[in-house]
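Novice: I would like to see how this sequence folds:
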Amino acid sequence: MALTAPKRKSQRKRRKKKAPKTRFAFYLRAGLIGVGALFAASIVWAGYYAVAAPPGTLLMLQRKLSGDVIIHPWTRLEDISPNLVTAVIAAEDTRFCLHNGIDFEAIDKALEEAENGKRLRGASTISQQTAKNAFLWNGGGWVRKGGEAWMTLLIETFWPKKRIMEVYLNIAEWGDGHFGAEAAAQARFHKSAKDLSSYEAALLASVLPNPHDWRVDPPGPYVRKRAGTVRARMHQVRRDGLDACVLKHQ
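Specialist: Residues are numbered from 1 along each chain as shown. Next up is the predicted model:
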């Protein structure tokens, strides 16, 4: 008995030394499982929205909790005026049909302009904005930016460009609790989104970056000027077929 006691004590010491490594392996395994589950859930979520209308967004929930009345009718892309599709591409992302979600050419150009003393402008694509609006929250930070890049990759993989545009036009905010093209058209022009004229579409696209401060009913001098620029770009977009990936089947 006297000879075996030290051995048991030595075994206990070895077990104590191994315990931290065991805990680390457990946490690492649990973390990897959690990350894997998160990625799997995001793929399922993106796949579901490829065929089903998003019931709402985090921004809509935020607005509702702050007391706003949310108006969010879902409208098929076929029931939205092609003028608005072209206007949004002209105003927000003229290379929408050419890039794969993240426009590196636009990013390089924006950085080059900033180096030359110009104000740093955003280079977010319609695909990125759709991913952010549909799945994430407003604001900066690397977590949100990383999530946006991942979800942009997913929707560009699983959705056709037409579906990306359809979701974007249905969840974009146009101020006063109005989300989506139909709600905006009814509130601002008292007509259906499918009946929007070229000028009305240009006005709606012009205020998308800041729908709370820029108005279309009536538009101020800045919005009218911006709408004129968008209309000129619309002619260019149509001439070059830069909206064909969305409108070629309409």
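
Novice: Now for this protein, the helix or strand with the poorest mean pLDDT.
Specialist: helix 104-115 (a mean of 67; mean pLDDT, DSSP states H and E).

Novice: to the chain's geometric centre, what's the distance from the following helix or strand past it?
Specialist: The element immediately downstream of helix 104-115 (helix or strand, assigned by DSSP states H and E) is helix 126-135. Counting by Cα atoms, centre = their mean, to the nearest Å, helix 126-135 is centred 1 Å from the centre of its parent chain.

Novice: counting contacts, what elements does the following helix or strand past helix 126-135 pack onto?
Specialist: Helices and strands here follow DSSP H and E; after helix 126-135, the next one along the chain is helix 142-158. With contacts taken as 3 or more Cβ pairs under 8 Å, 6 or more residues apart in numbering; DSSP states H and E, helix 142-158 sits against helix 5-49, helix 126-135, helix 161-171. Heads up, the C-betas are built off the backbone N, CA and C, glycines and all.

Novice: For this structure, give me the ranges with low pLDDT.
Specialist: Filtered on pLDDT under 70, the chain yields the residue ranges 1-20, 107-108, 110-123, 249-250.

Novice: care to break it down by domain?
Specialist: Domain assignment for the chain, taken from automatic domain parsing, gives 18-49, 50-247.

Novice: buried set for the shortest one?
Specialist: What that stands for is domain 18-49. 46, 49 (16 or more other Cβ atoms under 10 Å).

Novice: To what extent is residue 232 buried, counted in neighbours?
Specialist: Counted with other Cβ atoms under 10 Å, residues neighbouring residue 232 total 12.

Novice: actually residue 151, sorry about that
Specialist: Residues near residue 151, counting by other Cβ under 10 Å: 24.

Novice: swap in the one 10 residues further on?
Specialist: One way to gauge burial is a neighbour count; for residue 161, by other Cβ under 10 Å, it gives 18.

Novice: follow-up on the earlier one: please work out which of the domains of the chain is packed deepest.
Specialist: domain 50-247 (a mean of 18; mean count of other Cβ atoms under 10 Å).

Novice: hang on, the earlier thing: export the helices and strands packed on helix 142-158 to JSON lines and append columns for distance to residue 205.
Specialist: Output for the helices and strands packed on helix 142-158, formatted as JSON lines (distance: least, Cβ to Cβ, whole Å):
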{"stretch": "helix 5-49", "distance to residue 205": "23"}
{"stretch": "helix 126-135", "distance to residue 205": "11"}
{"stretch": "helix 161-171", "distance to residue 205": "10"}
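
Novice: Report the spatially closest residue to residue 160, excluding sequence-adjacent ones.
Specialist: Spatially, and ignoring its direct neighbours in sequence, residue 160 is nearest to residue 245 (8.0 Å; Cβ to Cβ, 6 or more residues apart in numbering).

Novice: I am assuming that neighbour contacts residue 161, so please confirm or correct that.
Specialist: Yes - with contact defined as Cβ atoms under 8 Å, residue 245 counts as touching residue 161 (4.2 Å).

Novice: Give me the common contacts of those two.
Specialist: Common neighbours of residue 245 and residue 161, counting by Cβ atoms under 8 Å, 6 or more residues apart in numbering, are 96-97.

Novice: for residue 101, what are its contacts?
Specialist: Counting by Cβ under 8 Å, 6+ apart, residue 101 makes contact with 125, 127-128, 131, 152-153, 155-156.

Novice: Let me see the backbone angles for it.
Specialist: Torsion angles at residue 101 (phi, psi; degrees, to the nearest 10) stand at phi 120, psi -50.

Novice: what's the spacing between residue 54 and residue 165?
Specialist: Distance, residue 54 to residue 165, using Cβ to Cβ, to the nearest Å: 14 Å.
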